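Participant: For reference, the sequence and a predicted model appear below.
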Amino acid sequence: MPAPGSFALPLCALILAPLLLGIVNRTKAVIAGRRGPPLLQPYWDIAKSLRRGAVYGEATTWLFRLGPVVGLAALVAALLVMPFGGLGAPVSFSGDMIVLVGLLALGRFATVLAALDTGSSFEGMGAAREMHFSALAEPALLLALATLARVTGSFALTPVYQSITIGAWADALPTFALVAVTLLIIALVENTRIPVDDPTTHLELTMIHEVMVLDHSGPDFGLIQYATALKLWIFGALLVGLMVPVRSGSAWFDGTAMLVGMVLLAGVIGMIESAMARYRLVYVPQFIVAAATLSAVAFIIRLV
Amino acid sequence: MFEFIVSISLLALGGMLAIVLFPRAGMCQLAGQICAVSGSAFGLVGALHVLVTGDAVSLSGVWQMPGGSFHLEIDVLSAFFLLPIFGLSIVTGLYGRSYFAGHGGVASAASWFHLNMLTASMALVIAAHDGLLFLLASMALVIAAHDGLLFLLAWETMALSSFFLVIFDDRKAAVRHAAWTYLVAAHLGTAFLLVLFVLLGSIAASSDFAAYGAALKDHQALRSSVFLLALMGFGVKAGIVPAHVWLPEAHPVAPSHASALMSGAMIKVGIYGLVRILTLLGTPETWWGWLLIGVGALSGVLGVLFALAQHDLKRLLAYHSVENIGIILLGIGIGVLGLARGMPLLAVIGFASGFLHVLNHSIFKGLLFLGAGAVQRAVHSLELEELGGLLKRMPWTGTFFLIGAAAIVGLPPLNGFVSEFLLLYAGFLAVLQPAAAVAVAGLIVLVILGLIGGLAAACFAKAFGIVFLGSPRSAEASEAREVARPMRASMAVLALLCIAIGLGAPLAVASLAGVVAQMTGATVGTTSAELAIVARPLALAVSVFAVLIAVAALAWALRARRLAVASARRGPVWGCGYLFPSPKMQYTASSFAQPLTTQFHLLIRNRETFVPPQGYFPTASSYASDSGDPALHLLFVPTFRWFDRVVTRLNVIQHGHIHVYILYVAATLIALLIWESF
């Protein structure tokens, strides 16, 4: 049984996740020369959605209502196996990586089916794109995780991330660097950020994730907004855990270093969004395959 | 053994009774159903008994067949493969009667000759039921047979009885074509098996399986040929790429519960044959493992890609059988690799994943085919572009189909996830091995399974989304009604099994010890200990799923409470300001799959014809896509054309006069006698 204290980690994630979105938006605003919304705006947005009533499309069924619920629950459950840098997850076992990938797939499948339930062609379009890109991103993520597993000699997330120290970086610099790029690209793809998707665009035809949730409203939409924040947190933790190899043994010190890392990551995503334009949709698969290739190269380096 | 004999006798009796009672449709169906269900139940009890005790039971008898002996034996391996056959046949037996119930009515509505057609369709129903029972009986015999000749005889019965099920709807040219494709493919496979068993028989001087194993120990050089012959012969029946072309033709045209049985159980008989031969071969070679992994990867990826391009629900499901056979072979390949390289843990988990997937696939594929049958009953069409909105009209069928879809995609917390977890676990174990070759094999398994999982999710999002969600795309779909209770009940049983194996994952994995031990040659005790290594992570994974379900329930309650206070109303969906949307404007199956079919065009060769709208006031424009299976169009069609040309030349010696043929026979005999005397 996990120690009661270890549940502090998922709890922190649940509390802090929307803040990341606030930092991304603030960074973009500052770079664009605006003051931007307050850092806590995502919290107010979620709270506001949760308070409101809902409108349901005429064709929708219970599945439309279940989609956001399962989407959120899958991510909350995934937090149980997510370490935060050197801080161990409440539940850790060999193969928890597989459970993480499975839960992400479950959440995605539920969201996609809820989108198709509306019968709207916009949402069908978003669903098709989401499934297309994730079908390519899933093997890329597994490749990255397999490479980390080979380097660290374990395939449970907590021991893997605990053995990513400065020494380990010095030992496996090219491999870790390549995997980090892969994880960054996957994070951008899975969280549908620029250059894959523009979460702030107002043209439905170019959207991926946002167009899938066009017809969700009220509490359902609140759950989706919260799930979006959690997803960014999970992929952020996967990347930052690798990039910030601070493993002093003191939970407070390591945790603070990781938090600083997460804030920096949010800033970097904000800068990428300010500096780049969205790719044409046909180029996105190439972007993902490039990420997978980088990890494959990283794996081959560690083969002998 | 007693249960097994009773079971086979009951199944045969049911077939006979159905023929005898054919003038009375109700009686005939009832007799067929009772015998199918009770016979299978007996068989299931017998198989479970062997699995629990671990003791093989056998029956030997004298047989008139020269060179053959009537030897039946059910060991743990046989008993395991009997589970999907008898289990699924109980469910399909329950389902079949309701599925056929109104069939006469449908045929009559379609035909002017009201009465004639009613009689004809009922006669067909009887033929099918009869064929179905023989199929069951023969499938069970194949697995129990411990004698080469008996095996081949039962194998042939299986091929023929399923041929008659495929040709059930023989008024359609497409169905006849499918049935012939199937018959040719089945016999091509049997040809390899014939060579295999003749080869084994010649070295063993007996047709008994035990003698084969002993003889192979003395003939090490032959082992690889035996393996290759088995892979080709049994691979055709299992539907590996590129020998899969018959499968998507044949399975969809049979009655749905027969499709369920064929896809869920019959192709597993091919896997059984391969695995049985592997147990006779002793320690395998490394390259066998690589070959199995390669064939599995090819079948898995191509199977799901072809499935994506399909417009017919049952064809789509049939292609997914090819994909799942690929996943099973990946597991067995890892197992063989582990055995060859002396890594017992890897071998155990690889085989365990393969075997568990055999069982799981029979459950969810059976469920999905029964669901497709329910859709066909309700809408009279399986064309995806004519369906839609069925979840509202058929809530039970829709929910069960959703469970089956989530299971086949490998989503937690259902059974498909458990076997894919085992396979990925084996992949990660291999990745950690110092030997580069094993690590690369592990990486290939991880990447391929990740890709298959993602593509399968896309495919079933399409299949379920287009069929059950949105608005109906045709008048018939909008008038669909939920199917009869027995059909729902049989789907419910399978759906519950999906959930039970998912949440009882550690127990399910632990129960595989006996059958896996037979593959690795280790004792059951060691195998249990090795499986316990993976059962613990699975137990923790299940606890994570418990949290998942709890959080989902909590979030559901939360939003329900909010909406009880706030307003919840219905309205039109966002149409970008357009006020008159119609169901025709929904996303279609083709448009959903288009990005992926375009991206993988090199592999699947989807053929598209597009007439774009032209001019300032465009009028007619059209788009059509056809999934061309390159294995068929680039490999088999040219080969058979060439073969046809060559064989036509032999027409010279064909006169149709029987005395000439007798002359041929006599001449051959004399030639053989002369050859023998030298």
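Facilitator: Ah, there it is.
Participant: Poorly predicted segments of chain B, please.
Facilitator: Scanning chain B for pLDDT under 70 picks out B:15-16, B:18-26, B:28, B:62-70, B:101-146.
Participant: And the residue of it closest to chain A?
Facilitator: residue B:587 (2.4 Å; CB to the nearest CB). The C-beta positions use only the backbone N, C-alpha and C, and glycine is treated the same way.
Participant: can you tell me the helix or strand for that residue?
Facilitator: For residue B:587, there is no helix or strand it lies in under DSSP states H and E.
Participant: how far away is it from residue A:130?
Facilitator: Residue B:587 is 12 Å from residue A:130, where distance means CB to CB, to the nearest Å.
Participant: quick revisit: what is the burial count for the residue of chain B closest to chain A?
Facilitator: 24 (other CB atoms under 10 Å in any protein chain shown).
Participant: how about the nearest residue to it, chain neighbours excluded?
Facilitator: residue A:124 (2.4 Å; CB to CB, 6 or more residues apart in numbering or on different chains).
Participant: How many neighbouring residues does the one you found have?
Facilitator: For residue A:124, the neighbour count with other CB under 10 Å is 28.
Participant: who does the host helix or strand of it touch, helix- and strand-wise?
Facilitator: If you go by DSSP H and E, residue A:124 is part of helix A:121-152. Packing contacts for helix A:121-152, counted by 3 or more CB pairs under 8 Å, 6 or more residues apart in numbering or on different chains; DSSP states H and E, involve helix A:96-116, helix A:157-162, helix A:173-190, helix A:209-212, helix A:284-301, helix B:415-431, helix B:436-468, helix B:589-599.
Participant: from the chain's centre, how far out does that helix sit?
Facilitator: Chain-centre distance of helix A:121-152: 11 Å, with CA atoms, centre = their mean, to the nearest Å.
Participant: Contact partners for residue A:6?
Facilitator: A:88, A:89, A:90 (CB atoms under 8 Å, 6 or more residues apart in numbering or on different chains).
Participant: who's in contact with the residue of chain A found nearest chain B?
Facilitator: In chain A, the residue that lies nearest chain B is residue A:124 (2.4 Å; CB to the nearest CB). Residues counted as contacts of residue A:124 (CB under 8 Å, 6+ apart) are A:115, A:116, B:465, B:470, B:586, B:587, B:591, B:592.
Participant: Count the residues that sit near the fourth one.
Facilitator: When you say that, I think you mean residue B:470. 30.
Participant: What of residue B:59?
Facilitator: Neighbour number of residue B:59 under other CB under 10 Å is 15.
Participant: Would you agree residue B:222 is in contact with residue B:195?
Facilitator: No - contact criterion CB atoms under 8 Å: residue B:222 and residue B:195 do not qualify, at 12.0 Å.
Participant: among the helices and strands packed on helix A:121-152, which is nearest residue B:396?
Facilitator: helix B:436-468 (11.5 Å; CB to CB).
Participant: nearest residue to the most centrally placed residue in chain B other than its sequence neighbours?
Facilitator: Nearest to the geometric centre of chain B sits residue B:263, at 2.7 Å (CA atoms, centre = their mean). The shortest distance from residue B:263 to any non-neighbouring residue, by CB to CB, 6+ apart, is to residue B:321 (4.6 Å).
Participant: What does residue B:624 show for phi and psi?
Facilitator: The phi/psi pair for residue B:624 (degrees, to the nearest 10) reads phi -140, psi 140.
Participant: can you pull the contacts of it?
Facilitator: Contact analysis of residue B:624 by CB under 8 Å, 6+ apart lists B:608, B:609, B:610.
Participant: The first one - that's part of a strand, no?
Facilitator: Yes - remark: residue B:608 belongs to a strand, assigned using DSSP: H, G, I helix; E, B strand; the rest coil.
Participant: does it have beta-bridge partners, and which?
Facilitator: residue B:625 (DSSP bridges).
Participant: wait, what's in contact with the residue nearest to residue B:95 when sequence neighbours are not counted?
Facilitator: Excluding the flanking residues, the one nearest residue B:95 by CB to CB, 6+ apart is residue B:490, at 4.1 Å. Counting by CB under 8 Å, 6+ apart, residue B:490 touches B:91, B:92, B:94, B:95, B:370.
Participant: So the fourth one: helix, strand or coil?
Facilitator: Three states are possible here, and by three-state DSSP the one that applies to residue B:95 is helix.
Participant: was I right about it contacting residue B:371?
Facilitator: No - using CB under 8 Å, residue B:95 makes no contact with residue B:371, being 10.6 Å away.
Participant: Residue B:72: which element?
Facilitator: Using DSSP H and E, residue B:72 sits in strand B:70-74.
Participant: Name the nearest residue to residue B:39, ignoring sequence neighbours.
Facilitator: Nearest-residue entry for residue B:39: residue B:10, 3.3 Å, with adjacent residues in sequence omitted and distances by CB to CB, 6+ apart.
Participant: Count the residues that sit near the closest residue to residue B:462 other than its chain neighbours.
Facilitator: Once flanking residues are discounted, residue B:462 sits nearest to residue B:592: 4.6 Å by CB to CB, 6+ apart. Other residues within reach of residue B:592, judged by other CB under 10 Å, total 29.
Participant: same question, the one 4 residues further on
Facilitator: Residue crowding around residue B:596 was assessed by other CB under 10 Å; the count is 26.
Participant: Now do the contacts for it.
Facilitator: Residue B:596 sits next to A:131, A:132, A:135, B:305, B:308, B:455, B:458 when contact means CB under 8 Å, 6+ apart.
Participant: do residue A:139 as well
Facilitator: With contact set as CB under 8 Å, 6+ apart, residue A:139 has these partners: A:292, B:446, B:447, B:448, B:450, B:451, B:454.
Participant: Now with 7 Å, please.
Facilitator: Contacts for residue A:139 (CB atoms under 7 Å, 6 or more residues apart in numbering or on different chains) come out as A:292, B:447, B:450, B:451, B:454.
Participant: The fourth one reaches residue B:302, doesn't it?
Facilitator: Yep, that's residue B:451 we're talking about. No - with contacts defined as CB atoms under 7 Å, residue B:451 does not count as touching residue B:302, sitting 11.3 Å away.
Participant: which SS class is the residue nearest to residue B:95?
Facilitator: Using three-state DSSP, the structure places residue B:490 in helix.
Participant: From residue B:266, how far out is it?
Facilitator: Residue B:490 is 18 Å from residue B:266, where distance means CB to CB.
Participant: Tell me where the model's unsure across the stretch 201-304 of chain A.
Facilitator: For the stretch 201-304 of chain A (pLDDT under 70), the answer is none.
Participant: Residue B:59 in helix, strand or coil?
Facilitator: strand.
Participant: contacting residues around the helix or strand harbouring residue B:301?
Facilitator: Residue B:301 is part of helix B:286-308, with elements assigned from DSSP H and E. For helix B:286-308, the external contacting residues (CB under 7 Å, 6+ apart) are B:227, B:240-241, B:244, B:316, B:319-320, B:322-323, B:325-327, B:329-330, B:332-334, B:336-337, B:340-341, B:441, B:444-445, B:448, B:451-452, B:455-456, B:458-459, B:593, B:596-597, B:600, B:603-604, B:627, B:629.
Participant: which among those residues end up buried?
Facilitator: Neighbour-count burial within the contacts of helix B:286-308 applies to B:227, B:240-241, B:244, B:316, B:319-320, B:322-323, B:325-327, B:329-330, B:332-334, B:336-337, B:340-341, B:441, B:444-445, B:448, B:451-452, B:455-456, B:458-459, B:593, B:596-597, B:600, B:604, B:627, B:629; the criterion is 16 or more other CB atoms under 10 Å in any protein chain shown.
Participant: Could I get the contacting residues of residue A:201?
Facilitator: residue A:207.
Participant: make that residue B:345, sorry
Facilitator: So residue B:345 contacts B:429, B:530, B:533 (CB under 7 Å, 6+ apart).
Participant: let's see 6 Å
Facilitator: Contacts here follow CB atoms under 6 Å, 6 or more residues apart in numbering or on different chains; on that basis residue B:345 touches residue B:530.
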